[in-house]
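Visitor: Next one to model:
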Amino acid sequence: MKKILLISVLALLSCKRNTPQVHPPVGGVLSKSDLDVSRNRMKNLNTLERQQIQDWVNSQDIKFYPTQLNYWSTVEGFDKRQRRPDESPISYSYDLYDFDETKIYDKPIQRKDARFGHFDELKAVENALRYMKEGEEVTLLVPSSLAYGTFGDENKIDNDIPLIIKLKVL
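Guide: Model prediction:
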């Protein structure tokens, strides 16, 4: 009996503990080392996703062009056009796809008379809309940092998922 107890104790002591990392609540404070780890993780993830997206682009028949904000567009010189000013209204819709080209939501996401400067939207979508013309359609290839990031949309889109966005100005 003592042997079994001794072996059990030794086995428990030799096990490596996997203590989960504690994250502060929203608005909490992170240490400098935690911030550095997070920054490096995002930098490495962004580099990896950009390479994966570029590889995907190279295999397509449609041409995609990189933009200054770190996403790709089907329109050359897209973000060099006249930029729409803040407070100007715009109506638009878009569909979301993963890079297997599977549509994520059955219905498009649609907004009527949204005003620039008051968007609650993906960074890439708001940025792209600033340069789009009335009735124009454009496809965007967006790394996760400009999509739903490390949290996902808490519905169908998981964390760290790059997206294909088919955007149309109505």
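
Visitor: Just the helices from this protein, written as ranges.
Guide: 2-14, 32-58, 123-129 (DSSP state H).

Visitor: Which of those comes out lowest on mean pLDDT?
Guide: Sorting the helices of the chain by mean pLDDT places helix 2-14 lowest, at a mean of 51.

Visitor: Residue 105 contacts residue 95, doesn't it?
Guide: Yes - Residue 105 is in contact with residue 95 according to C-beta atoms under 8 Å; the separation is 7.3 Å. Using the backbone N, CA and C atoms, a C-beta is placed for each residue, glycine as well.

Visitor: ok, those two, which is more surrounded?
Guide: Comparing residue 105 with residue 95 by other C-beta atoms under 10 Å, the one with more neighbours is residue 95, at 17 against 14.

Visitor: I'd say that one and residue 103 touch.
Guide: Yes - if you go by C-beta under 8 Å, residue 95 and residue 103 touch, sitting 6.1 Å apart.

Visitor: which residues do these two both contact?
Guide: Common contact partners of residue 95 and residue 103 (C-beta atoms under 8 Å, 6 or more residues apart in numbering): none.

Visitor: Extract the C-alpha set from the strand ranked longest in the chain and format it as PDB.
Guide: Secondary structure of the chain read by DSSP state E shows that its longest strand is strand 89-97. Extracted in PDB, the C-alpha atoms of strand 89-97 (Å, rounded to 0.1, in the frame of the first residue of the first chain):
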ATOM      1  CA  PRO A  89     -23.600  59.100 -46.200                       C
ATOM      2  CA  ILE A  90     -23.200  55.700 -47.900                       C
ATOM      3  CA  SER A  91     -25.300  52.600 -48.300                       C
ATOM      4  CA  TYR A  92     -23.600  49.300 -48.900                       C
ATOM      5  CA  SER A  93     -23.700  45.500 -48.500                       C
ATOM      6  CA  TYR A  94     -21.100  42.800 -48.300                       C
ATOM      7  CA  ASP A  95     -20.800  39.000 -48.100                       C
ATOM      8  CA  LEU A  96     -18.100  37.300 -46.100                       C
ATOM      9  CA  TYR A  97     -16.200  34.200 -47.300                       C
END
